[in-house]
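>>> Have a look at this fold, sequence not included:
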């Protein structure tokens, strides 16, 4: 969900990747459903592990839950955010919606910090 929100709301000014320390191998159906409710289809997305994304090159790495433990690559120069977002897996669509909305708010806050406003006019 965070990857979808960041890439959508970042308006081409960010490139976000989502990955897990223990990927499920597929995206939960409820994730597709609740993001589609907001007009963000995720059909092009897939479940990925940390080794599948360029963590060492990132400016910001976000830990979704405080129970998540992982090591950053040696020499990592970016910043780490801990959003403490609960994992909705297996907890029903209402929890998925709540998590979706939490993630949207967090992404908007982070984008406000890191994305420079585009100049207006010609």
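Right, received. Where do you want to start? Bear in mind the structure is a predicted one, so any value in this text is a computation, not a measurement.

>>> Where does pLDDT dip in this protein?
Regions of the chain meeting the criterion pLDDT under 70 cover residues 66, 117-122.

>>> gap between residue 110 and residue 74?
Relative to residue 74, residue 110 is positioned 25 Å away (CB to CB, to the nearest Å). Backbone N, C-alpha and C define where each C-beta goes, glycine included.

>>> So which of the two has more stuff around it?
Using other CB atoms under 10 Å as the criterion, residue 110 and residue 74 rank with residue 110 on top: 21 against 6.

>>> Might you report the residue contacts of the closest residue to residue 87 other than its chain neighbours?
Counting by CB to CB, 6 or more residues apart in numbering, residue 65 is the residue found nearest to residue 87 once chain neighbours are left out, at 6.1 Å. Going by CB atoms under 8 Å, 6 or more residues apart in numbering, residue 65 touches 83, 84, 85, 86, 87.

>>> Please tabulate the residues you listed in JSON lines, including the columns secondary structure, distance to residue 105 and neighbour count.
Listed next are the contacts of residue 65 as JSON lines, based on DSSP: H, G, I helix; E, B strand; the rest coil; distance: CB to CB, whole Å; neighbours: other CB atoms under 10 Å:
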{"residue": "83", "secondary structure": "coil", "distance to residue 105": "10", "neighbour count": "17"}
{"residue": "84", "secondary structure": "coil", "distance to residue 105": "13", "neighbour count": "13"}
{"residue": "85", "secondary structure": "coil", "distance to residue 105": "10", "neighbour count": "20"}
{"residue": "86", "secondary structure": "coil", "distance to residue 105": "14", "neighbour count": "14"}
{"residue": "87", "secondary structure": "coil", "distance to residue 105": "17", "neighbour count": "14"}
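
>>> Residue 89 contacts residue 26, correct?
No. Judged on CB atoms under 8 Å, residue 89 makes no contact with residue 26 at a distance of 11.0 Å.

>>> Look at the two and report which has more neighbours.
Neighbours were counted for residue 89 and for residue 26 using other CB under 10 Å; residue 89 has more, 12 against 9.
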